[in-house]
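> here's a sequence, model it:
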Amino acid sequence: MTTSADKLLSPADAVARLTASYGAATRSLTSALDRYLAQRIAPTPDERRAFRYPVLRVHYPGEAVPPRPTRRAYAKLQRPGVYETTVTHPAEFRSYLLEQLEPLVSDYGAVLEVDVSDQEIPYPYVLERIEELSRAGVTAAELARHFATPQLSVVGDEIADGQYEVAPGGPLPLALFDAVRVDFSLRRLVHYTGSDWRHVQRWILLTNYHRYVDQFIRMGLDRIRHAPSGQTLVLPGNVVIPAGASDRDVEGLVASSAWHRYQMPAYHLTGPDGGGVTLVNIGVGPSNAKNITDHLAVIRPNCWLMIGHCGGLRESQAIGDYALAHAYLRQDRILDALVPPDVPIPALAEVQVALQDAAQLVTGQSGDALKQRLRTGTVVTYDDRNWELRFTQERRRINLSRAIAVDMESGTIAAQGFRLRVPYGTLLCVSDKPLHGEIKLPGAANAFYETAVAQHLQIGIEALELLKQRRDGLHSRKLRSFDEPPFR
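Okay, the predicted model is just below:
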């Protein structure tokens with residue numbers, strides 16, 4: 001493919017060329033793989049040169065008058081130069097790419113170029129029929145002699161973590177993640193969540209308990225019964241429930257979803273251009289929280305919210321009350337090397353307001369009545385579920401932090417949102433009070449679940465709906481670094 005530097009490309013033209021280039025590369029790679037599986041004919045070096053990711057370049061000479069200051073926290077060019085990134089699945093990321101490119105062209109007069117990169121596409125990222133390897137009697141080691149495989153040496157988060165070294169005279173990074181990093185995470189999403197990554201929506205809820213899933217399915221089914229025909233509910237195993245399905249069909253489809261096979265099953269209430277809601281049951285602990293958000297980040301979500309259970313730390317709290325995290329005491333330890341605990345994780349005003357407004361709408365309470373149910377303060381996130389067994393050592397730190405709740409995921413999810421530039425927020429529901437003798441016992445827990453989970457989930461969904469309406473102010477400049485890449 002020839003470069004496009006000789007012609008001014010519109011953003012739509014650039015995305016179309018990226019799509020054509022990527023399509024040609026993956027078709028060539030797939031054809032060569034099929035030929036090898038059938039006839040053991042390896043691709044030639046010339047053929048392998050066709051198996052490459054496209055590269056997108058943005059040229060900014062800095063001659064145009066910079067635009068007036070804008071509240072927009074992305075699509076900004078801070079200095080003249082050439083910015084570039086490799087791109088995967090441009091058709092699926094079309095709306096995101098256009099959202100980034102259009103302001104760069106209109107505000108800065110940037111010139112776009114599409115070319116073929118030097119980065120060969122690893123074959124596992126296009127061969128989704130792995131079972132064919134065993135049928136053909138071919139091992140992964142054998143294929144690795146003739147086709148590119150994922151190499152951890154070229155997959156990393158150096159750009160996001162501020163560790164990327166720009167070579168003298170070399171291009172500047174255009175995006176946080178290049179194509180091979182994105183493909184790595186897309187395959188991990190399929191593995192952990194049990195559904196095609198294409199089903200993941202740009203508005204995400206994360207929870208730590210399966211009962212939220214039961215309620216999400218009920219709410220999702222109710223919505224698609226009254227929704228346009230294009231909306232669906234997708235369950236783990238890529239079980240798709242379309243609008244208009246009969247109750248009998250729905251019952252069978254829900255029963256056929258083998259969610260228990262997946263470590264962090266995901267459920268998707270789809271909308272146009274990824275504008276629906278995805279719920280992921282991440283289970284318990286900061287390791288899971290970091291793992292899934294590392295991979296969800298490449299989708300470039302508009303927001304992720306944590307809605308789960310917590311222990312209430314104040315005498316005035318009651319089972320079923322809400323804790324809106326305004327700060328985090330991070331005892332999770334998993335991100336200490338990347339985001340040290342002394343780095344503050346700021347609350348995002350737009351998200352905080354949306355969560356409080358949603359709580360008011362769903363509960364029907366406001367003013368002092370709402371304040372009795374919803375308390376704002378610090379959430380402690382531990383990596384040790386049995387932190388209570390060393391309370392005498394932990395008491396002073398918890399007391400100094402003025403914490404109102406304790407859990408095992410929220411601080412990690414917020415730190416990951418800060419680190420990976422995804423707006424974040426936390427609204428937890430008090431399920432026990434470990435410091436006040438109200439521990440989680442089966443009978444009390446069941447009563448709590450029946451009355452609280454549905455309302456809590458509805459608040460999370462309503463908060464996302466409000467954020468969709470207020471999206472112009474959502475992507476916060478608080479998340480930008482000094483040398484931030486132009487793409488969000």
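> domains in the chain, as residue ranges please.
11-188, 194-479 (automatic domain parsing).
> need the strands for this protein, in chain order.
In the chain, the segments counted as strands under DSSP state E are 52-60, 81-86, 111-120, 172-173, 203-207, 232-235, 239-242, 266-269, 277-281, 303-312, 322-331, 374-382, 403-407, 424-432.
> what is the fourth one packed up against?
Helices and strands touching strand 172-173, by 3 or more C-beta pairs under 8 Å, 6 or more residues apart in numbering; DSSP states H and E, are strand 81-86. Heads up, the C-betas are built off the backbone N, CA and C, glycines and all.
> next one: the third one
Applying 3+ C-beta pairs under 8 Å, 6+ apart, we find strand 111-120 packed against helix 11-39, strand 52-60, helix 179-193.
> so where's the stretch 351-488 of the chain uncertain?
Residue ranges of the stretch 351-488 of the chain with pLDDT under 70: 435-451.
> again, but for the stretch 101-250 of the chain
The stretch 101-250 of the chain contains residues with pLDDT under 70 at 129-132, 134, 227-229.
> on that earlier part again, could I get the domains of the chain as JSON lines with mean neighbour count and distance to residue 485?
Listed next are those as JSON lines, based on neighbours: other C-beta atoms under 10 Å; distance: least, C-beta to C-beta, whole Å:
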{"stretch": "domain 11-188", "mean neighbour count": "17", "distance to residue 485": "5"}
{"stretch": "domain 194-479", "mean neighbour count": "19", "distance to residue 485": "9"}
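> redo those as CSV? Include distance to residue 487.
Formatted as CSV, the domains of the chain follow (distance: least, C-beta to C-beta, whole Å):
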stretch, distance to residue 487
domain 11-188, 4
domain 194-479, 8
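> residue 486 is nearest to which of the helices and strands packed on strand 111-120?
Across the helices and strands packed on strand 111-120, residue 486 has its closest neighbour in strand 52-60 (6.8 Å, C-beta to C-beta).
> any idea of the angle that closest one forms with strand 81-86?
160 degrees (axes from the mean of the first three to the mean of the last three C-alpha atoms, to 10 degrees).
> from the contact counts, what lies against strand 52-60?
Using 3+ C-beta pairs under 8 Å, 6+ apart, strand 52-60 sits against helix 11-39, strand 81-86, helix 94-108, strand 111-120.
> separation between residue 225 and residue 245?
Distance, residue 225 to residue 245, using C-beta to C-beta, to the nearest Å: 9 Å.
> ditto for residue 8
48 Å.
> check what pLDDT residue 327 gets.
Model confidence at residue 327, expressed as pLDDT, equals 97.
> which residues sit in contact with it?
By C-beta atoms under 8 Å, 6 or more residues apart in numbering, the contact set of residue 327 is 344, 345, 347, 377, 378, 379.
> quickly list what it is bridged to.
In this entry, residue 327 is beta-bridged to residue 378, by DSSP bridges.
> out of the helices and strands packed on strand 111-120, the one nearest residue 143 is which?
helix 11-39 (7.4 Å).
> distance to residue 163 added to the helices and strands packed on strand 52-60, as JSON lines?
Putting those into JSON lines (distance: least, C-beta to C-beta, whole Å) gives the following:
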{"stretch": "helix 11-39", "distance to residue 163": "27"}
{"stretch": "strand 81-86", "distance to residue 163": "17"}
{"stretch": "helix 94-108", "distance to residue 163": "23"}
{"stretch": "strand 111-120", "distance to residue 163": "19"}
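> which residues touch the closest residue to residue 307 other than its chain neighbours?
Nearest non-adjacent residue to residue 307, counting by C-beta to C-beta, 6 or more residues apart in numbering: residue 460, 4.1 Å away. Each residue near residue 460 by C-beta under 8 Å, 6+ apart is listed here: 205, 305, 307, 358, 427.
> helices of the stretch 301-450 of the chain, start to end?
Secondary structure of the stretch 301-450 of the chain, counting by DSSP state H, counting those that start in this stretch: helices at 349-363, 367-373, 391-401, 410-420, 442-469.
> can you tell me the centre-most residue of this structure?
The C-alpha lying nearest the average C-alpha coordinate of the chain belongs to residue 296 (C-alpha atoms, centre = their mean; 2.8 Å).
> and residue 338, what does it touch?
For residue 338, the contact set (C-beta under 8 Å, 6+ apart) comprises 161, 419.
> ok, back up a step: how close does the residue nearest to residue 307 sit to residue 50?
From residue 460 to residue 50 the distance is 46 Å (C-beta to C-beta).
> pretty sure residue 410 contacts residue 425?
No. Shown here, residue 410 and residue 425 do not form a contact pair, counting by C-beta atoms under 8 Å, at 9.4 Å.
> identify the contacts common to these two.
In contact with both residue 410 and residue 425: 306, 325, using C-beta under 8 Å, 6+ apart.
> chain center to stretch 297-306, what's the gap?
Using C-alpha atoms, centre = their mean, to the nearest Å, the mean C-alpha position of stretch 297-306 is found 4 Å from that of the whole chain.
> straight-line length of it, end to end?
Distance across stretch 297-306, first residue to last, is 15 Å (C-alpha to C-alpha, to the nearest Å).
> distance from the chain centre to stretch 190-208, please.
That offset, for stretch 190-208, works out to 8 Å (C-alpha atoms, centre = their mean).
> dump the strands of the chain to a markdown table, plus distance to residue 196.
A markdown table is the format used below for the strands of the chain (distance: least, C-beta to C-beta, whole Å):
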| stretch | distance to residue 196 |
| --- | --- |
| strand 52-60 | 21 |
| strand 81-86 | 22 |
| strand 111-120 | 24 |
| strand 172-173 | 28 |
| strand 203-207 | 16 |
| strand 232-235 | 8 |
| strand 239-242 | 10 |
| strand 266-269 | 9 |
| strand 277-281 | 12 |
| strand 303-312 | 19 |
| strand 322-331 | 32 |
| strand 374-382 | 31 |
| strand 403-407 | 30 |
| strand 424-432 | 25 |
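> going by distance to residue 236, which of the contacts of residue 327 wins?
The shortest gap between residue 236 and any of the contacts of residue 327 belongs to residue 379, at 28.5 Å (C-beta to C-beta).
> contacting residues for that closest one?
Residue 379 sits in contact with 310, 323, 325, 327-329, 403-407, 410-411, 426, 428, where contact means C-beta under 8 Å, 6+ apart.
> so can I have TSV of the helices of the stretch 301-450 of the chain showing distance to residue 94?
What follows is the helices of the stretch 301-450 of the chain, written out as TSV (distance: least, C-beta to C-beta, whole Å):
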stretch	distance to residue 94
helix 349-363	26
helix 367-373	41
helix 391-401	45
helix 410-420	22
helix 442-469	19
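> these: which one's closest to residue 220?
Checked against C-beta to C-beta, the stretch from the helices of the stretch 301-450 of the chain lying closest is helix 442-469, at 9.6 Å.
> coming back round to it: now render the helices and strands packed on strand 111-120 as TSV, adding distance to residue 388.
Converted to TSV, the helices and strands packed on strand 111-120 look like this (distance: least, C-beta to C-beta, whole Å):
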stretch	distance to residue 388
helix 11-39	52
strand 52-60	50
helix 179-193	29
